[in-house]
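S.K.: here are the coordinates; sequence isn't available:
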């Protein structure tokens, strides 16, 4: 088994330590959007600057960020599944880096 194959198997078997289950995008208002987790906690996406009350992101940009966060568990699982298929080394390298970023 190659080093790449060993790393693929190790990352495929790693477990996500965050809240398991479906993360749901919640519409929100003009200032923030919530992602509702299965344990009824929320992750909020805000479009204000951290240092002032100025909008630094459009409503559409805020929505796009919230939808990406809500999709994160599904995207992680899809990347882990990609590791089981033998794509080219560059694709595998990108998948490995993304999984490491999420899990480590």
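M.R.: Arrived safely, thanks for sending. Predicted model, so just to flag it, every value in this text is computed and none were measured. Residues are numbered from 1 along each chain as shown.
S.K.: where does this structure dip in pLDDT?
M.R.: 86-87, 104 (pLDDT under 70).
S.K.: residue closest to the middle of it?
M.R.: residue 72 (2.7 Å; Cα atoms, centre = their mean).
S.K.: now it, what's its secondary structure?
M.R.: Three-state assignment for residue 72 (DSSP: H, G, I helix; E, B strand; the rest coil): helix.
S.K.: Would you confirm that it contacts residue 23?
M.R.: Yes. With contacts counted by Cβ atoms under 8 Å, residue 72 reaches residue 23, the gap being 6.9 Å. For glycine as for every other residue, the C-beta is placed from the backbone atoms N, C-alpha and C.
S.K.: And the helices in the protein, which stretches?
M.R.: Assigned by DSSP state H, the chain shows helices spanning 3-13, 59-82, 89-103.
S.K.: I'd like to know how many residues surround residue 74.
M.R.: Neighbourhood size, residue 74 [other Cβ atoms under 10 Å]: 11.
S.K.: in stretch 24-36, what's buried?
M.R.: Buried positions in stretch 24-36, judged by neighbour count with 16 or more other Cβ atoms under 10 Å: 25, 28, 33-35.
S.K.: can you check stretch 68-85 too?
M.R.: Neighbour-count burial for stretch 68-85 [16+ other Cβ under 10 Å]: 69-70, 73, 76, 79-80, 82-83.
S.K.: quick revisit: of all the helices of the chain, which lies closest to residue 51?
M.R.: Proximity to residue 51 (Cβ to Cβ) singles out helix 59-82 among the helices of the chain, at 17.5 Å.
S.K.: Please state the offset of that closest one from the chain centre?
M.R.: Centre-to-centre, helix 59-82 and its host chain are 5 Å apart (Cα atoms, centre = their mean, to the nearest Å).
S.K.: now that helix and helix 89-103, what's the angle there?
M.R.: Our comparison of helix 59-82 with helix 89-103, counting by axes from the mean of the first three to the mean of the last three Cα atoms, to 10 degrees, yields an angle of 110 degrees.
S.K.: Output the contacting helices and strands for helix 59-82.
M.R.: Where contact means 3 or more Cβ pairs under 8 Å, 6 or more residues apart in numbering; DSSP states H and E, helix 59-82 is packed against helix 3-13, strand 24-26, strand 32-36, strand 42-46, helix 89-103.
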